[in-house]
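A.B. asks: just coords:
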């Protein structure tokens, strides 16, 4: 098959329409309204959103790969600000740019860390016994959700403006100083579940195949 004649915009539209309802569902689950970040969420809600967020981010990255094919964009030169930088908004409230590259897997053995419970010498059954200090996490326990909300809003913003993200990716791949040659990591994508049968698992598997073909046959520039 001649992939150089493939209608990549049709693929972009298809996968965008597939993932958009799932992203909207996560936004609703988090209780985000008007872009306002939620401080905490019940543990079970936080985990449910995170379970969808990882594959959703990977799918959107693959949509961006398809949309970036054929773009000829020179990398931007970094210049200083044209005027004073506004200081009114706290850094913690800013929505980060959507990450265009998959997180890479760590290579080599993981560093072992000591447990973080009090002194390392204690009397069994005493007040410093770590076993007596542990508390079983409960599904309704409030957990910090600000970082999760920022990731959701970043994902939503990227999905709403795929052409802009595609230009970002084309510029990133054109830079000589880029850290990786491809936005997608080798092997299975982030959020892959071996026996996953939900809609998001099927979307991720299909978009992984199409984005891999796009990177192989139609590299930006």
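C.D. replies: All right, it came through fine. Just so you know, these numbers come straight off a predicted model, no measurement behind them.

A.B. asks: Double-check that residue 143 belongs to a helix.
C.D. replies: No - residue state for residue 143 (DSSP: H, G, I helix; E, B strand; the rest coil) corresponds to strand; a helix is not indicated.

A.B. asks: Could you measure from it over to residue 43?
C.D. replies: The gap separating residue 143 from residue 43 is 5 Å, by C-beta to C-beta, to the nearest Å. Every C-beta, even on glycine, is put in place using the N, C-alpha and C of the backbone.

A.B. asks: Which secondary structure element is home to the spatially most central residue of the chain?
C.D. replies: Taking C-alpha atoms, centre = their mean as the criterion, residue 57 is the residue nearest the geometric centre of the chain, at 4.0 Å. Secondary structure assigned from DSSP states H and E places residue 57 in helix 43-68.

A.B. asks: packing partners for that helix?
C.D. replies: Using 3 or more C-beta pairs under 8 Å, 6 or more residues apart in numbering; DSSP states H and E as the contact definition, the elements that helix 43-68 packs against are helix 8-30, strand 142-144, helix 146-160, helix 162-174, helix 199-217.

A.B. asks: please redo it, this time with the cut-off set to 10 Å
C.D. replies: Helix 43-68 is packed against helix 8-30, strand 40-42, strand 142-144, helix 146-160, helix 162-174, helix 199-217, with contacts defined by 3 or more C-beta pairs under 10 Å, 6 or more residues apart in numbering; DSSP states H and E.

A.B. asks: Please compute how far the fifth one lies from its chain's middle.
C.D. replies: A distance of 16 Å separates the centroid of the chain from that of helix 162-174, by C-alpha atoms, centre = their mean, to the nearest Å.

A.B. asks: Same check on the fourth one?
C.D. replies: The chain centroid and the centroid of helix 146-160 are separated by 8 Å under C-alpha atoms, centre = their mean.
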